[in-house]
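> Fold the following.
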Amino acid sequence: MKKLLGIGISVGVLAGIWTQVSIELTLITWVGFVAWACYFAAGGGREGFLKGLAANLAGALWGYGASLVLTYATFTGAVALAVTVVAFILCLQAAVDLLSFIPGAFAGTAVLFGTSFDLGGTVIALVVGACLGWLSDIVARRIQTAVDRSGQPLPASQP
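Okay, the predicted model is just below:
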């Protein structure tokens, strides 16, 4: 439990701030949380930030491309075919190291669909969420270091 104190405090406080700020600025709150989760799922740190965000953005862009095609392809099964092609691409792009976090790519596509194809709003929330992931990780480590130090006995005073 003690080892989770830093992350709990950091994520809790930043999640509350993000929620309030995103509501005030009419940003898409839940999309930010998805990107934040992808940051940690991709391993955290610089690599988790880059891979999580790159995969999220790529997924959102592929989803948006599919939505553009679907404005013209109105035959029965067009949506299923578009999803099939995008899912295939999301897996193939993982051959590129930066895009190798496949769950992040699927999350990016899913949030784009979930926002009714609001590409601008989705991209903003994905970027902010990834930044919040990294920030919460950094703050959590500092808090945890302070908590761990506070449990150690004080050095003996010198006469």
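> Report the mean per-residue pLDDT for stretch 99-107.
Throughout stretch 99-107, pLDDT has a mean value of 98.
> Can you list the buried residues in that stretch?
Within stretch 99-107, the residues scored as buried using 16 or more other CB atoms under 10 Å are 99, 101-107. Just so you know, the C-beta spots here come from the backbone N, C-alpha and C atoms, and that holds for glycine as well.
> same thing with stretch 63-75?
63-64, 66-67.
> Keep only those of these that are in strands.
Per DSSP state E, strands hold no members of the buried residues of stretch 63-75.
> residue ranges with poor pLDDT in this protein?
1-2, 151-159 (pLDDT under 70).
> middle-most residue in it, spatially?
Residue closest to the mean C-alpha point of the chain, counted by CA atoms, centre = their mean, is Ala35 at 1.3 Å.
> can you pull the contacts of that one?
52-53, 56, 107, 125-130, 132-133 (CB atoms under 8 Å, 6 or more residues apart in numbering).
> Drop anything exposed from these.
Buried among those by 16+ other CB under 10 Å: 52-53, 56, 107, 125-126, 128-130, 132-133.
> How about Asp118, nearest residue that isn't a chain neighbour?
In this structure, Asp118 finds its nearest non-sequential neighbour in Ile28, 7.1 Å apart by CB to CB, 6 or more residues apart in numbering.
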